[in-house]
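1. okay, sequence plus prediction incoming.
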Amino acid sequence: MDIITQLQDQLDEMAVLAVNTFGTLQRDAPPDRLSSSYPDPLNPNPKPEDDSKPQVQAQPGAPPPPPAQAQAQAQPPAPDLTEQPKAMSRALVLAAKKFDALVAAVPLSSEEDQVKRIQELQAENEVVGLELQKQLEAAGNTIPTVSRVLTIICLITDVIALQKGS
């Protein structure tokens with residue numbers, strides 16, 4: 001794989017990592033108060049005296065409701081939202097460092113050197129093209145010969161088959 005393709009692949013990987021990192025940060029970010037004039041998103045009812053919940057009357061003979069502690073233990077643990085962004089950031093930094101290393105591996109050359117290299121490659125391409133043309137002409141000349149030989153073989157086998165049949 002050439003260096004340009006590696007650079008393109010690494011840049012694609014960095015773009016995917018960046019999009020995933022930003023999306024994860026946006027998705028998992030806790031709500032934040034924009035201004036003191038707006039209600040607190042974590043506590044929409046800041047007055048504790050208004051926070052009275054209606055008590056549900058248990059019917060006689062019904063089992064007691066499960067304690068709140070047991071309900072809290074039944075829920076799966078919340079993901080650690082502080083470690084995931086760090087890990088994603090590390091992956092993005094490593095991808096950027098790999099990209100920098102690939103850029104450093106690109107050979108530096110002046111415009112004149114590049115033009116010279118292009119001319120060399122074009123000359124090489126011309127030589128290879130001429131060789132290919134010669135081989136195609138030789139193959140084209142071989143086809144009628146092979147066709148005549150196959151025709152002769154078919155005629156000979158027909159003659160042999162007729163002689164055996166008589």
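-> Nice, thanks for sending it over.
2. need the helix or strand of the protein with the lowest average pLDDT.
-> Confidence across the helices and strands of the chain bottoms out at helix 68-74, with a mean of 56, counting by mean pLDDT, DSSP states H and E.
3. the very next helix or strand once past that helix packs against which elements?
-> Reading on from helix 68-74 to the C-terminus, the next helix or strand found by DSSP states H and E is helix 83-105. With contacts defined as 3 or more Cβ pairs under 8 Å, 6 or more residues apart in numbering; DSSP states H and E, the secondary structure elements packing on helix 83-105 are helix 3-28. Placement of C-beta: from N, CA and C, glycine included.
4. same question for the helix it packs on: list its buried residues.
-> By neighbour count with 16 or more other Cβ atoms under 10 Å, helix 3-28 contains the buried residues 10, 14, 17, 21.
5. could I get the residues you listed as TSV with pLDDT?
-> Rendered in TSV, the data for the buried residues of helix 3-28 read as follows (pLDDT from 0 to 100):
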residue	pLDDT
10	96
14	96
17	95
21	91
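6. out of the residues you listed, the closest to residue 145 would be?
-> Using Cβ to Cβ, residue 10 is the member of these that sits closest to residue 145, with 53.7 Å.
7. list the contacts for the closest one?
-> Listed by Cβ atoms under 8 Å, 6 or more residues apart in numbering, the contact partners of residue 10 are 95, 98-99, 102.
8. distance of residue 155 relative to residue 145?
-> The gap separating residue 155 from residue 145 is 16 Å, by Cβ to Cβ, to the nearest Å.
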